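**Q** Structure here, sequence nowhere to be found:
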């Protein structure tokens, strides 16, 4: 029964992770109007699942880091209650943020939950059991530094790529002027006459439609050619690939963290655990990602395709590198940081929304720690869990 509780808590966390995180890889596709919401979330689901499967081979170090070993003594880290409390507390924290539309870090929630359960175990043992030196080195420093690095890299990369089109002789297509969008529209049939013979002449004239809208709705597109090839379709294709790469990296980075909580049960193999967790992540994103999608795609900053592509390249590179080196960075922190860095250079970032997101990040760790500590303390009367 306790084993079922652990598996259920871990899968609940995986579902919450998918709901809050899956759309982050494709937020720039939707925000820059390269594609619609349904197509974006479908692409995110497929590529995240691939990352989850690949994590078995490429991200084994993260399984070890999030098992709790090294942070608390092994006898506690191997208990069902310890892992169940972490999974349930982190899942509740993440799903609450998802319902409120805040893109928080599952990694941050897991770290807080690890600390909360460890402190509760310390209280029951009458001595300090949490290795705060390990916590600082392996968890907190990567979490704190990753958004700052992402903001800087996003700003630098977009600053460089922003100059590239003009150097290649490419110009933006005339789809907007001061956010007045002109659509050629449908043709209109007009009649003139009759002439002296009584005939009526008909003519077909295109009737353009002029739309005045918010700046975020006006899309920068490139109408030029490079080596005889239309540039914009290529940019859109690269943008899709970069979004898929970010989603792949997210699955690669997050799946092992949740799998590590299930391995203590020894009921299933590492490969099977990764597959089950990957499916739960995919389902959570497919069913419950809309509110976070709106925050990431529309409220944080206004994006055009070039800005979105720059942010995605930074996010993918940093997340894959961190996964390979076993660093528990947050895909959320990296993604939000890179988007905000690009938006800062483009002068379209919304500081108020970014401040609200930062506040949700600050609250994530103590909320998860408090919930985890309370859940673990409630399990203390059951010795079989420890």
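**A** Right, received. Where do you want to start? Note that the structure is predicted; figures quoted are calculated from it, not measured. Numbering: from 1, shown residues only.
**Q** residues touching residue 22, list them.
**A** By CB atoms under 8 Å, 6 or more residues apart in numbering, residue 22 lies in contact with 41, 44-45, 48, 247, 250, 281-282, 284-286, 289. Placement of C-beta: from N, CA and C, glycine included.
**Q** Same check on residue 316?
**A** 242, 245-246, 248-249.
**Q** of all these, which comes closest to residue 56?
**A** Using CB to CB, residue 248 is the member of these that lies nearest residue 56, at 13.8 Å.
**Q** about what we covered before: which pair in the contacts of residue 22 has the greatest spatial separation?
**A** Among the contacts of residue 22, 250 and 286 lie farthest apart (CB to CB), at 14.6 Å.
**Q** So which of the contacts of residue 316 sits lowest on pLDDT?
**A** Within the set of those, pLDDT is lowest for residue 249 (81).
**Q** That one touches residue 54, doesn't it?
**A** No. At 9.8 Å, residue 249 does not count as touching residue 54 under the criterion of CB atoms under 8 Å.
**Q** Of those two, which one has the most company?
**A** residue 249 (29 against 18; other CB atoms under 10 Å).
**Q** which residue packs closest to the more buried one, ignoring adjacent ones?
**A** residue 319 (3.8 Å; CB to CB, 6 or more residues apart in numbering).
**Q** can you pull the pLDDT of that neighbour?
**A** 75.
**Q** contacting residues for it?
**A** Residues in contact with residue 319, defined by CB under 8 Å, 6+ apart, are 246, 249-250, 252-253, 329, 331, 334.
**Q** go on, residue 97?
**A** Applying CB under 8 Å, 6+ apart, the residues near residue 97 are 20, 103-104, 360, 364.
**Q** and the gap between it and residue 55?
**A** 23 Å (CB to CB, to the nearest Å).
**Q** Same check on residue 89?
**A** Distance from residue 89 to residue 55, by CB to CB: 23 Å.
**Q** Would you mark the buried spots in stretch 255-275?
**A** Neighbour-count burial for stretch 255-275 flags 255-265, 270, 273-275 (criterion: 16 or more other CB atoms under 10 Å).
**Q** Could you do stretch 340-360 as well?
**A** So for stretch 340-360, counting by 16+ other CB under 10 Å, buried means 340-346, 348-350, 354, 356-357, 360.
**Q** what would those residues look like in a markdown table with pLDDT, secondary structure and distance to residue 235?
**A** Shown next, in a markdown table, are the buried residues of stretch 340-360 (pLDDT from 0 to 100; DSSP: H, G, I helix; E, B strand; the rest coil; distance: CB to CB, whole Å):
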| residue | pLDDT | secondary structure | distance to residue 235 |
| --- | --- | --- | --- |
| 340 | 88 | helix | 22 |
| 341 | 88 | helix | 20 |
| 342 | 87 | helix | 15 |
| 343 | 86 | helix | 19 |
| 344 | 86 | helix | 22 |
| 345 | 84 | helix | 18 |
| 346 | 80 | helix | 16 |
| 348 | 81 | coil | 19 |
| 349 | 82 | strand | 22 |
| 350 | 87 | coil | 25 |
| 354 | 88 | helix | 26 |
| 356 | 92 | helix | 31 |
| 357 | 90 | helix | 28 |
| 360 | 92 | helix | 32 |
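**Q** Looking at those residues, which is nearest residue 110?
**A** Lowest distance from residue 110 to these (CB to CB) belongs to residue 360, with 15.7 Å.
**Q** which phi and psi does the closest residue to the closest one other than its chain neighbours have?
**A** Ranked by CB to CB, 6+ apart and with sequence neighbours excluded, the top spatial neighbour of residue 360 is residue 102, at 4.0 Å. When read as degrees, to the nearest 10, the backbone of residue 102 gives phi -100, psi 130.
**Q** how many neighbours does residue 102 have?
**A** Using other CB under 10 Å, residue 102 has 21 other residues around it.
**Q** Quick check, pLDDT for it.
**A** 93.
**Q** Likewise for the one 3 residues further on?
**A** Per-residue confidence (pLDDT) for residue 105: 86.
**Q** Can you tell me the closest non-neighbouring residue to it?
**A** Nearest residue to residue 105, sequence neighbours excluded (CB to CB, 6+ apart): residue 330, at 3.5 Å.
**Q** and the gap between the one you found and residue 104?
**A** Taking CB to CB, one finds residue 330 at 9 Å from residue 104.
**Q** what's the answer for residue 17, then?
**A** 10 Å.
**Q** quick one: common contacting residues for those two?
**A** By CB under 8 Å, 6+ apart, the residues touching both residue 17 and residue 104 are residue 94.
**Q** The two: which has the busier surroundings?
**A** Per other CB under 10 Å, whichever of residue 17 and residue 104 has more neighbours is residue 17, with 33 against 28.
**Q** Tell me, how many residues neighbour the nearest residue to that one once chain neighbours are set aside?
**A** Distances taken as CB to CB, 6+ apart put residue 106 closest to residue 17, at 4.5 Å, once the chain neighbours are dropped. Neighbourhood size, residue 106 [other CB under 10 Å]: 30.
**Q** Check the gap between residue 106 and residue 235 for me.
**A** For residue 106, the distance to residue 235 equals 31 Å [CB to CB].
**Q** how about low-confidence regions in the stretch 151-300 of the chain?
**A** Within the stretch 151-300 of the chain, the stretches with pLDDT under 70 are 161-231, 263-268.
**Q** can you map out the strands along the chain?
**A** For the chain, the strands defined by DSSP state E occupy 176-177, 180-183, 187-192, 201-206, 209-212, 225-226, 229-230.
**Q** hmm, who's touching stretch 43-55?
**A** 18, 22-23, 25-26, 29, 35, 62, 240, 243-245, 247-253, 255-256, 259, 274-275, 277-279, 281-282, 285-286, 289, 323.
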